[in-house]
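In: how would this look folded up:
(one chain, ligands or ions: 1)
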Amino acid sequence: MSKSKPDLTTLSPQTRLVAAGRDYAEHGFVNPAVYHGSTVLFPTAKSLHDRSRDYVYGRRGTPTSRAVEEAVALVEGGHNAKMAPSGLAAISTALLAFLKAGDHLLMVDTAYHPARQFCDGLLKGLGVETTYYDPLIGRGIAQLIRPNTRVVYAESPGSQTMEVQDVPALAEAAHKAGAMLMVDNTWGAGHYFKAFAHGADVSIQAATKYLVGHSDAMMGTVTCNEQTWEPFKEAYEQMGQFAGPDDMYLTLRGIHTLDVRLERHMKNAMDVAEWLRGRDEVETVLYPALSNAPGHEIWKRDFRGASGLFSIVLKPCAEEAADAFLDRLSLFGMGYSWGGFESLAVPFKPHRTATQWTAQGHCIRFHIGLESPDDLKSDLSEGFRALKSAS
Ligand SMILES: *Cc1c(COP(=O)(O)O)cnc(C)c1O
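Out: Numbering: from 1, shown residues only. A predicted model of the protein is given here:
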């Protein structure tokens, strides 16, 4: 006799995250083992000829990879998932899986910059044409869809400038024209934005950010619905993709605490963002969770919460003043990536080709971590003092 198992699909999202991947644990341990392995030994020639075995070779799947894939699919509400060694590898693998020479891709103008570079570089060389579109185009996307458009790609909110996209409208237009919708779902982490429930066919995450959650591993995920799963899996295997076992384990481990971490990231970010909105030095706070902020209405309609990443536009000032602000911060580290427990601040210059960025002031992106928001606000006050003396 053993204890009965819960049916995860009927349980609340919080409970799912806690129980995810548990089926792969053995010997009574709560967590599954980390399988380091290439060769899988077959006990008999007959078992080698038997194609229905669960595990045949390291790259083709291990109990560790299956546990985390299952957990990611559960977070996203998708059919099944695969892991890639970085978020960017997840993006490039997903695009290559569905695009071939002569195809057309509609890419959001506010996409993660290295994803744009992939489209303008390798994809272009392979004969795939990319058109960038306005993130706020909504159902107007229909006018840009051509007979050879295979993929519409969204990222919501947009990298750095946080435009919230009307994903259901994009999905409807894409599907009507026989195209598919791919979404970079890193900001909502699959927990606060249910890409599949809003019409996506493929949802990609830089798990490097919130799923791992501790700034200690690189990882990407591609989750598919039933229609996209088989062709994606085939392409993933042909490209020889996989990810390291320790990093896959860290991703599974992060997933169990995703709900509480995101809840605190949001609470702290709301506090700091509201405070920044009241500062004289700040022109705009780009955080869709704030009432009256750009994108707030669609965010409220489609998202279950907000993560800790947002941006601000400073009132016009000298670059040295903006740099003095950043240099004075002691709790906010300055560096790329985000989604860990720690706060970050990084300057950026929006890069656009389909639309125009018209704000004059310097832009800064913040990731609000799990520190006390009061300490963070004191740190920012010091930064503004430095900005003022450098002006
Ligand atoms: C960081 C990021 C990526 C890339 O992830 P890596 O793991 O750094 O390769 C992709 N999309 C978004 C939105 C990101 O923020």
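In: all helices in the stretch 201-350 of the chain, in order from the N-terminus.
Out: For the stretch 201-350 of the chain, helices defined by DSSP state H, counting those that start in this stretch occupy the ranges 226-238, 245-256, 258-277, 296-302, 319-328.
In: before we move on, what about the stretch 51-200 of the chain?
Out: Going by DSSP H, counting those that start in this stretch, the stretch 51-200 of the chain shows helices at 63-76, 87-98, 113-118, 124-125, 167-176.
In: Which of those helices sits closest to His362?
Out: helix 113-118 (17.7 Å; C-beta to C-beta). Glycine gets a C-beta too; all of them are placed from N, C-alpha and C.
In: Report all helices and strands that that closest one contacts.
Out: helix 87-98 (3 or more C-beta pairs under 8 Å, 6 or more residues apart in numbering; DSSP states H and E).
In: Pull out the buried residues from stretch 360-368.
Out: 361-368 (16 or more other C-beta atoms under 10 Å).
In: Would you check how far apart the residue in the stretch 1-150 of the chain positioned nearest to the ligand and Gly254 are?
Out: Nearest residue of the stretch 1-150 of the chain to the ligand (C-beta to the nearest ligand atom) works out as Gly87 at 2.2 Å. To Gly254, Gly87 is 14 Å away according to C-beta to C-beta, to the nearest Å.
In: and the spatially most central residue of the chain, what does it touch?
Out: Taking C-alpha atoms, centre = their mean, the centroid of the chain lies closest to Thr186, which sits 1.3 Å from it. Applying C-beta atoms under 8 Å, 6 or more residues apart in numbering to Thr186 gives the contacts 87, 112, 155, 204-206, 209-210, 339.
In: What is the nearest of those to the ligand?
Out: Gly87 (2.2 Å).
In: The closest one against Val222, yeah?
Out: No: assessed by C-beta atoms under 8 Å, Gly87 is found out of contact with Val222, at 10.1 Å.
In: Neighbour count for those two, which is higher?
Out: Taking Gly87 and Val222 together and counting by other C-beta atoms under 10 Å, Val222 has the greater number of neighbours (31 against 24).
In: Make sure the more buried one is actually in contact with Ala206.
Out: No: Val222 lies out of contact with Ala206 (C-beta under 8 Å); the separation is 11.2 Å.
In: what residues are shared contacts of these two?
Out: Ala90.
In: that older thread, overlap in contacts, Gly87 and Gly254.
Out: Ala207.
In: Identify each buried residue in stretch 275-282, please.
Out: Applying 16+ other C-beta under 10 Å to stretch 275-282 flags 275-276, 279, 281-282 as buried.
In: The closest residue to Tyr57 other than its chain neighbours and Ser47: what is the separation?
Out: Nearest-residue entry for Tyr57: Val40, 5.9 Å, with adjacent residues in sequence omitted and distances by C-beta to C-beta, 6 or more residues apart in numbering. According to C-beta to C-beta, Val40 stands 10 Å off from Ser47.
In: Over to Leu314?
Out: 65 Å.
In: The two: who's more crowded?
Out: Leu314 (22 against 11).
In: can you tell me which residues contact the closest residue to that one other than its chain neighbours?
Out: The shortest distance from Leu314 to any non-neighbouring residue, by C-beta to C-beta, 6+ apart, is to Gly361 (4.3 Å). The contact partners of Gly361, by C-beta under 8 Å, 6+ apart, come to 283, 313-317.
In: and those, which two are the farthest apart?
Out: Val313 and Cys317 (11.0 Å).
In: Common neighbours of these two, please.
Out: 361-362.
In: Flag every residue of the protein that's near the ligand.
Out: 86-88, 112, 155, 159, 184, 186, 206, 208-209, 218, 220, 337 (C-beta under 6 Å from any ligand atom).
In: Out of those residues, which end up buried?
Out: 86-88, 112, 155, 159, 184, 186, 206, 208-209, 218, 220.
In: In strands, which of those residues appear?
Out: 155, 184, 206, 220 (DSSP state E).
In: Return the residues in contact with the last one.
Out: Gly220 is in contact with 83-91, 93, 204-208, 243, counting by C-beta under 8 Å, 6+ apart.
In: How about the third one?
Out: Neighbouring residues of Ala206 by C-beta under 8 Å, 6+ apart: 86-88, 90, 112, 184, 186, 219-220, 339.
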